[in-house]
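Participant: what follows is a predicted structure for the sequence shown.
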Amino acid sequence: MDNKHPCTGEDCEDCRKVQEAMQKGFIGQLPVISRENEIRAWRHIEMIVNERLAKYPTSLHDDNVLLERDMKYFNLGLNERNCI
């Protein structure tokens, strides 16, 4: 069983607990390991989300402007509107 943390590559007690829970049949939701682990996990998710959002060529404001214009002029198709 590999107890290496995916971010640090170090041996990790939290990773061992997750792997044990998964082997016992936890599918979908895993138990909370510790408060500190939950905080680290959510910070990691936040970092990934912010990195991905930064790659978009337009901002939320730009999208809202397009949608407001569409409400006025109906210039977007259904697929275009759904993509925004």
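Facilitator: Ah, there it is. Numbering: from 1, shown residues only.

Participant: do you have the helices of the chain handy? List them.
Facilitator: Along the chain, the segments classed as helices by DSSP state H run 13-23, 35-54, 60-73, 78-83.

Participant: what's the least confident stretch among those?
Facilitator: Out of these, helix 13-23 stands lowest, with a mean of 72 (criterion: mean pLDDT).

Participant: that helix to helix 35-54, inter-axis angle?
Facilitator: 90 degrees (axes from the mean of the first three to the mean of the last three C-alpha atoms, to 10 degrees).

Participant: check which residues of helix 13-23 are buried.
Facilitator: Buried residues in helix 13-23, counted by 16 or more other C-beta atoms under 10 Å: 15, 17-18. For glycine as for every other residue, the C-beta is placed from the backbone atoms N, C-alpha and C.

Participant: so how far is Asn50 from Tyr56?
Facilitator: 11 Å (C-beta to C-beta, to the nearest Å).

Participant: tell me how many other residues crowd Ala81.
Facilitator: Let me fix one detail, which is that residue 81 is Arg and not Ala. Arg81 sits with 13 neighbouring residues when counted by other C-beta atoms under 10 Å.

Participant: any idea what sits nearest it, other than its immediate chain neighbours?
Facilitator: Distances taken as C-beta to C-beta, 6 or more residues apart in numbering put Asp70 closest to Arg81, at 6.3 Å, once the chain neighbours are dropped.

Participant: that neighbour against Leu76, yeah?
Facilitator: Yes. Counting by C-beta atoms under 8 Å, Leu76 is a contact partner of Asp70 at 4.3 Å.

Participant: ok, the residue lying farthest from the centre of the chain to Leu67 distance?
Facilitator: Of all residues in the chain, Tyr73 has its C-alpha farthest from the mean position, at 34.5 Å, by C-alpha atoms, centre = their mean. Tyr73 is 11 Å from Leu67, where distance means C-beta to C-beta.
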